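[1] need the 3D shape of this:
(one chain, ligands or ions: 1)
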Amino acid sequence: MAAGSDQANWSSRWTFIMAAVGSAVGLGNIWLFPFKAGQSGGAAFVLVYLGFSFLIGVPLLMTELSLGRRGRMSPIGSMKKIAAEEKRSPLWGLIGWSGVLGAFIILSFYSVVGGWTLAYMVKAAMGFQGLDATAATSLFTDFIGHATEPLVSHAIFMGITMYIVARGVQGGLEKAVSVMMPALFGLLVLLVAYAAFTGAFADALAFLFTPDFGKLTPAVVIDALGQSFFSLSLAMGSIMTYGAYLNRDVKIGPSALTIAAADSTVALLAGLAIFPIVFQFGISASGGPGLVFMSLPIAFGQMPGGQIIGTLFFALLSMAAITSSISLLEPAVSYLEHRWKVDRKKSALTIAAAAFALGVLSALGQEGNMLGNVRIFGQSIMDAKGYLTNNIMMPLGGMFTALFVGWFVSRKAMADELALTDAQFRFWYTIVRYVAPIAVFLVFLSVTVL
Ligand code: TRP
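    Below is the predicted model of the structure:
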């Protein structure tokens, strides 16, 4: 335990990295990234996404980790405490609120998609033999168009998330992530190799890496920004909460770089595993949320050992999703625990139940389902929630966090927390003072005004 703190720490630098990578790597990389890249026309989106992740994402990861480690409370508590120490307005606590609330909204639909992966694990175990593109598509649309299966799997996914968070992040989680993340990585590499030999690999490479900058509309740029923040678990309290459990002797800079590198590597691997199959079988690259579920099963149905590999893949994807969803539940739970002294089990149960209820709307809001025709500003319920969190709350949260640290927290306190060389610190400081707020603001403005 750290001095003056009533909570336990990560047991080592390695378990912290694994937990943070576990939070970052999830459905965002394997489900959302290929689907967004496909809709945005490929390489130009990919490049902008990578640029945002390293130029702005890494400095913001460092910022959130240091705020969390300094505050040692929930995101709300930490922001208020630091604002008070710096003699700034308690309104900065709103950044924490936006994070806790945003994470809660994300959790509500994240768990629905997490449920899809659980259900597909069972489907994979029964075998996808002989599935062609049409059959794979209708398998998916049929599945999400009915109420029972998606709701049951949503409940199971949320239940697992709740169970782990209720037991505390350390014991089970630490052990689980350090095995699961490397396993998922290995399996992805295997799938890329398979796609390279049997799929339309050259087309996929061209699609992902030969940019056509004519496709770079403001909407694509903000999508890339939202994708990068989402994938890195930024601006929603997850990373700040994990920072609160971080030992003082862990170096924040290299940790942030490791997290971002692992995160974008997994996203690119997922793209390289999926797009060769997409192009080979003539699936539409802009197919939306079903892309992963409609493409990979075709490959699993054809490859030798596909039943086992497919089951394993969806099992690991579910686990990657669970190591992310716990970091979405944790901010609100840590708030109830620290601020209102609510028992951890009770708060996990309450918040998970509420997020489940909100998620039901997303599950039933899929095409062909009971609420499939509901439109919020022209979008389905799930898309509207994603738009609110990824395109509005996350950019604003990231921008205000950067402004706070760049202009309202003493420079010396940040320098002590980050322990960088002078040159590194100046670089980080320039990014959080100027580059990140201006870039995020311009991107945000271009979408709201244009
Ligand atoms: N980054 C995770 C993924 O890619 C999802 C996630 C976890 C997240 N915590 C977050 C997204 C906080 C935004 C904010 O699947």
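[2] go ahead and report the secondary structure state at the closest residue to residue 44 other than its chain neighbours.
    In space, residue 44 comes closest to residue 211 once its chain neighbours are excluded; the distance is 4.2 Å by Cβ to Cβ, 6 or more residues apart in numbering. In this view, the C-beta of every residue, glycine as well, is placed from N, C-alpha and C. On the three-state scheme (DSSP: H, G, I helix; E, B strand; the rest coil), residue 211 is labelled coil.
[3] smallest gap between the stretch 351-450 of the chain and the ligand, at which residue?
    residue 394 (6.7 Å; Cβ to the nearest ligand atom).
[4] residue contacts, that residue?
    Taking Cβ atoms under 8 Å, 6 or more residues apart in numbering, we find residue 394 in contact with 102, 226, 229, 230, 234, 235, 236.
[5] quick one: secondary structure of the fifth one?
    Under three-state DSSP, residue 234 falls in the coil class.
[6] just list the residues touching the nearest residue to it once chain neighbours are set aside, thanks.
    In space, not counting the residues next to it along the chain, residue 234 is nearest to residue 60; the distance is 5.5 Å by Cβ to Cβ, 6+ apart. Residue 60 sits next to 229, 232, 234, 235, 398, 401, 402, 432, 436 when contact means Cβ under 8 Å, 6+ apart.
[7] one more: residue 342?
    Residue 342 neighbours (Cβ under 8 Å, 6+ apart): 336, 350.
[8] burial count for the residue nearest to residue 44?
    16 (other Cβ atoms under 10 Å).
[9] just to revisit the earlier point, how much space separates the residue of the stretch 351-450 of the chain closest to the ligand from residue 60?
    10 Å (Cβ to Cβ, to the nearest Å).
[10] and if you look at residue 165?
    In terms of Cβ to Cβ, residue 165 sits 24 Å off from residue 60.
[11] kindly report the same for residue 308.
    40 Å.
[12] pull up the residues of the protein that are close to the ligand.
    Residues of the chain found near the ligand (Cβ under 6 Å from any ligand atom) are 23-24, 26-29, 103, 106, 230-231, 233, 236, 238, 324, 327-328.
[13] farthest-apart pair in the residues you listed, please.
    Largest separation among the residues of the chain next to the ligand by Cβ to Cβ: 29 and 103, giving 17.7 Å.
[14] check which helix or strand covers the spatially closest residue to residue 321 that is not a sequence neighbour.
    Sequence neighbours aside, residue 114 is the residue nearest to residue 321 in space, at 4.2 Å (criterion: Cβ to Cβ, 6+ apart). Element membership for residue 114 (DSSP states H and E) is helix 93-126.
[15] buried residues in the next helix or strand after that helix?
    Downstream of helix 93-126, the first helix or strand assigned by DSSP H and E is helix 133-145. For helix 133-145, the neighbour count (16 or more other Cβ atoms under 10 Å) marks 133, 136, 137, 139, 140, 141, 143, 144 as buried.
[16] what do you get for stretch 402-417?
    In stretch 402-417, counting by 16+ other Cβ under 10 Å, buried: 402, 403, 404, 405, 406, 409, 414, 417.
[17] just how off-centre is the helix holding residue 114 within its chain?
    Centroid separation for helix 93-126 versus its chain: 9 Å, with Cα atoms, centre = their mean, to the nearest Å.
[18] follow-up on the earlier one: closest to residue 191 out of the residues of the chain next to the ligand?
    Of the residues of the chain next to the ligand, the one sitting nearest to residue 191 (Cβ to Cβ) turns out to be residue 29, at 13.3 Å.
[19] export the contacts of residue 60 to JSON lines and tack on pLDDT?
    Compiled in JSON lines, the contacts of residue 60 are given as follows (pLDDT from 0 to 100):
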{"residue": "229", "pLDDT": "93"}
{"residue": "232", "pLDDT": "97"}
{"residue": "234", "pLDDT": "95"}
{"residue": "235", "pLDDT": "92"}
{"residue": "398", "pLDDT": "94"}
{"residue": "401", "pLDDT": "97"}
{"residue": "402", "pLDDT": "97"}
{"residue": "432", "pLDDT": "97"}
{"residue": "436", "pLDDT": "96"}
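[20] residue 162: what's it in contact with?
    Counting by Cβ under 8 Å, 6+ apart, residue 162 has contacts 329, 348, 349, 352.
[21] which of those residues sit farthest apart?
    Farthest pair in the contacts of residue 162, by Cβ to Cβ: 329 and 349, 10.6 Å.
[22] in terms of neighbours, single out the busier of those two.
    Remark: of residue 329 and residue 349, residue 329 carries more neighbours, 26 against 16, as counted by other Cβ under 10 Å.
[23] that one touches residue 160, doesn't it?
    No: the criterion here is Cβ atoms under 8 Å, and residue 329 misses it with residue 160 at 10.8 Å.
[24] next up, the contacts around residue 226.
    So residue 226 contacts 390, 391, 394, 395 (Cβ under 8 Å, 6+ apart).
[25] let me know how buried the residue of the stretch 1-150 of the chain found nearest the ligand is, in neighbour terms.
    For the stretch 1-150 of the chain, the residue closest to the ligand is residue 28, as judged by Cβ to the nearest ligand atom, at 2.1 Å. Residues within reach of residue 28, counting by other Cβ under 10 Å, total 27.
[26] next up, the contacts around the nearest residue to it once chain neighbours are set aside.
    Ranked by Cβ to Cβ, 6+ apart and with sequence neighbours excluded, the top spatial neighbour of residue 28 is residue 231, at 4.3 Å. Taking Cβ under 8 Å, 6+ apart as the contact definition, residue 231 lies against 24, 28, 29, 32, 33, 53, 263, 264, 267.
[27] among the residues you listed, which are in strands?
    Among these, no member is found in strands (DSSP state E).
[28] adding pLDDT, write those residues out as TSV.
    Formatted as TSV, the contacts of residue 231 follow (pLDDT from 0 to 100):
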residue	pLDDT
24	96
28	94
29	94
32	92
33	95
53	97
263	96
264	97
267	96
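[29] circling back to that earlier point, how about the residue nearest to residue 44, phi and psi?
    Dihedral pair for residue 211: phi -70, psi 140, per degrees, to the nearest 10.
[30] was I right about it contacting residue 51?
    No: look at residue 211 against residue 51 with Cβ under 8 Å: they stay out of range, at 11.4 Å.
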